[in-house]
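**Q** Got a predicted structure plus its sequence, pasted below:
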Amino acid sequence: MRVVYIGTGDIGLPALAWLIREHEVAAVVAQPDKPVGRKQILTPPPTKALALEHGIPVLQPRRIRDAASVAELAAFAPDLIVVMAYGQILSKAILDLPRLGCLNLHASLLPAHRGAAPIQAAILAGDRETGTTIMWMDEGLDTGDMLLAHKLPIRRRETGGSLHDRLAALSPAVLAEALPLIEAGTAPRIPQETARATYAAKLSRETGLIDWRAPSAVIERQVRALNPWPASSTRIPDAAGGPSRQLKVFSVIRCRKSSGEPGIVLRADKRGILVGTGEGALLLREIQMEGKRRMAVRDFLSGHPLAPGVKLG
């Protein structure tokens, strides 16, 4: 089939690579290049880089809904449009372009966790499984009829980063099952159960702020879900009496038999920093002080001794 792929995030790279191998990818649409890092170097999206490696035309409209963008897409006369992690809502004019329809690969088991951050939302919610759903797109936010889904168990120590990579690797298998059904005209359309729908809002740095009054289980899921970005964080007093500094937290262990006042350091040694929570305690194992590199707690404490009784947050 002649396919136009619309996507920006690196979660879509395995799906795009599979489409390039198995079908005719007429064009790739991605968000505009963005400045990245401290030096703000203008960097292309990963999907753009992969497309250019294969000599595939790339479009990067600021607003894909504009009439000029729709006309550009129409010129490629796609049989099918496949979307994953793009970041803009498609208009009806675009949805009506392909002969066979528009498909979206969404990293959750719909109708759970519609929206921008389904991977992190599944971990935050304590779900035991997630997956990738491929759906027929409509004008709503992840509301279209489902075609099929592949499931994945969420591991006990799963992070947002590890689950992202596993779901990315799952996408080619989802496409490999779905596209022959579309070609044969036998692809199902399964309405979503709207009453069961949940939404996963876009992540921000504020999402990661730790509330030590929450139960240790809730904070532990937050730390895993937001690793590596935006990362969970708290404030730590400056040893010299200056302003408190941000402390990012990347790895913790629940200590159910320990307890203490929320946010209070109960112990700090080579095993980690034990902090009280609203229910139980957490042992911080991997952290990053503002302006420093990410490191194990034992390495941090060698240069920043921390006494019991210090309050975080």
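**A** The structure has been received and is ready for your questions. Numbers count the residues shown, from 1 in each chain.
**Q** just the helices in the chain please.
**A** All helices of the chain, identified by DSSP state H, fall at 13-22, 46-53, 67-74, 92-95, 118-124, 160-184, 216-225, 297-303.
**Q** Those helices into CSV, with extra columns for distance to Pro61, mean neighbour count and mean pLDDT?
**A** Any C-beta I mention is one placed from the backbone N, CA and C, and that applies to glycine too. Listed next are the helices of the chain as CSV, based on distance: least, C-beta to C-beta, whole Å; neighbours: other C-beta atoms under 10 Å; pLDDT from 0 to 100:
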stretch, distance to Pro61, mean neighbour count, mean pLDDT
helix 13-22, 18, 19, 98
helix 46-53, 13, 19, 98
helix 67-74, 4, 15, 97
helix 92-95, 11, 16, 97
helix 118-124, 25, 25, 98
helix 160-184, 24, 18, 98
helix 216-225, 32, 22, 98
helix 297-303, 45, 16, 94
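**Q** mind putting those in a markdown table, distance to Met1 included?
**A** As requested, the helices of the chain are exported to a markdown table (distance: least, C-beta to C-beta, whole Å):
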| stretch | distance to Met1 |
| --- | --- |
| helix 13-22 | 9 |
| helix 46-53 | 17 |
| helix 67-74 | 16 |
| helix 92-95 | 17 |
| helix 118-124 | 27 |
| helix 160-184 | 7 |
| helix 216-225 | 36 |
| helix 297-303 | 52 |
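**Q** The nearest residue to Gln60 once chain neighbours are set aside: neighbour count?
**A** Leaving aside its chain neighbours, Gln60 sits nearest to Pro32 (4.7 Å; criterion: C-beta to C-beta, 6 or more residues apart in numbering). Other residues near Pro32 come to 12 when the count uses other C-beta atoms under 10 Å.
**Q** likewise the one 10 residues further on?
**A** Leu42 has 9 neighbouring residues, counting by other C-beta under 10 Å.
**Q** Determine the number of other residues adjacent to the nearest residue in space to it that is not next to it in sequence.
**A** Excluding the flanking residues, the one nearest Leu42 by C-beta to C-beta, 6+ apart is Asp33, at 5.1 Å. Neighbourhood size, Asp33 [other C-beta under 10 Å]: 13.
**Q** my read: Asp33 touches Ala49, true?
**A** No. With contacts counted by C-beta atoms under 8 Å, Asp33 stays clear of Ala49, the gap being 10.3 Å.
**Q** re earlier: ok, the residue nearest to Gln60 - contacts?
**A** 60-62 (C-beta atoms under 8 Å, 6 or more residues apart in numbering).
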